[in-house]
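> give me coordinates for this.
(2 chains)
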Amino acid sequence: QQQVKQSPQSLIVQKGGISIINCAYENTAFDYFPWYQQFPGKGPALLIAIRPDVSEKKEGRFTISFNKSAKQFSLHIMDSQPGDSATYFCAASLFGSGGSNYKLTFGKGTLLTVNP
Amino acid sequence: NAGVMQNPRHLVRRRGQEARLRCSPMKGHSHVYWYRQLPEEGLKFMVYLQKENIIDESGMPKERFSAEFPKEGPSILRIQQVVRGDSAAYFCASSPLRGYAGELFFGEGSRLTVL
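The predicted structure is shown next:
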């Protein structure tokens, strides 16, 4: 059973455009939602994360939007650059005290290609 | 390099052989996690270890897989009698505290191919 569904599987965007990746989760107990960025041959690296007490978090060109009632969250990359070309994974975990916040449930990933 | 170090980066085994994957956490990190990434899939949690202790192995297959993190030396993920379905990228992550606010620092992975 896939607990975090991610779409699209791949995405091609022109330089300067907006990249949008969506995720939906099933477990209402999840309370921590990170996005990881992975370049070919490398390990995933934390990009940005959000807790459900806020609906949006922005760090530079990267924004997470969170909709608790719909159990959905998304990553927006503004002014996309060729250097952003990578695979992006959304994830979810239990962050609260005593929770298993090391046990991330990942989506299947989105391969983003930003054309120059 | 102060990052999580994994070796070998690539490993080829024939069915029935054993695979040993090693992971040295970042300096100052005492919590180690192993994840597996099957082709076209996201990463899946396997096991969480601290020095000399397995804390959570709920994601480990019941047979053929084992993990350890000895007092001295790297953490080791051991797969006995490998089968083709074990072909995957195995990622190790570490953190200075349990879960560390959700940020895990991943290594570059060990890619196992079973012929």
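
> let me see the confidence value for the residue minimising distance to the centre of chain B.
Closest residue to the average C-alpha location of chain B: residue B:34 at 3.6 Å, with CA atoms, centre = their mean. At residue B:34, the pLDDT value in this model is 97.

> can you check residue B:17 too?
Reading off the model, residue B:17 has pLDDT 98.

> what of residue A:102?
Residue A:102 carries a pLDDT score of 84 in this model.

> same thing with the one 3 residues further on?
For residue A:105, the pLDDT comes out at 92.

> can you classify the closest residue to residue A:59 other than its chain neighbours as helix, strand or coil?
The shortest distance from residue A:59 to any non-neighbouring residue, by CB to CB, 6 or more residues apart in numbering or on different chains, is to residue A:48 (5.0 Å). Heads up, the C-betas are built off the backbone N, CA and C, glycines and all. Here residue A:48 is recorded as strand under DSSP: H, G, I helix; E, B strand; the rest coil.

> quick one: residue A:33 and residue A:106, what's the gap?
As judged by CB to CB, to the nearest Å, residue A:33 and residue A:106 stand 11 Å apart.

> what is in contact with these two at once?
A:90-91 (CB atoms under 8 Å, 6 or more residues apart in numbering or on different chains).

> in what helix or strand does the residue nearest to residue B:68 when sequence neighbours are not counted lie?
Leaving aside its chain neighbours, residue B:68 sits nearest to residue B:76 (5.4 Å; criterion: CB to CB, 6+ apart). Following DSSP states H and E, one finds residue B:76 within strand B:75-79.

> tell me the strands beside the helix or strand that that strand is followed by, with direction?
Per DSSP H and E, the first helix or strand lying C-terminal to strand B:75-79 is strand B:88-95. Using DSSP bridges, the strands paired with strand B:88-95 are strand B:31-37 (antiparallel), strand B:105-106 (antiparallel), strand B:110-114 (antiparallel).

> most packed of these?
strand B:31-37 (a mean of 25; mean count of other CB atoms under 10 Å in any protein chain shown).

> contacting residues for residue B:29?
B:4, B:94-96, B:105 are the contacts of residue B:29 under CB under 8 Å, 6+ apart.
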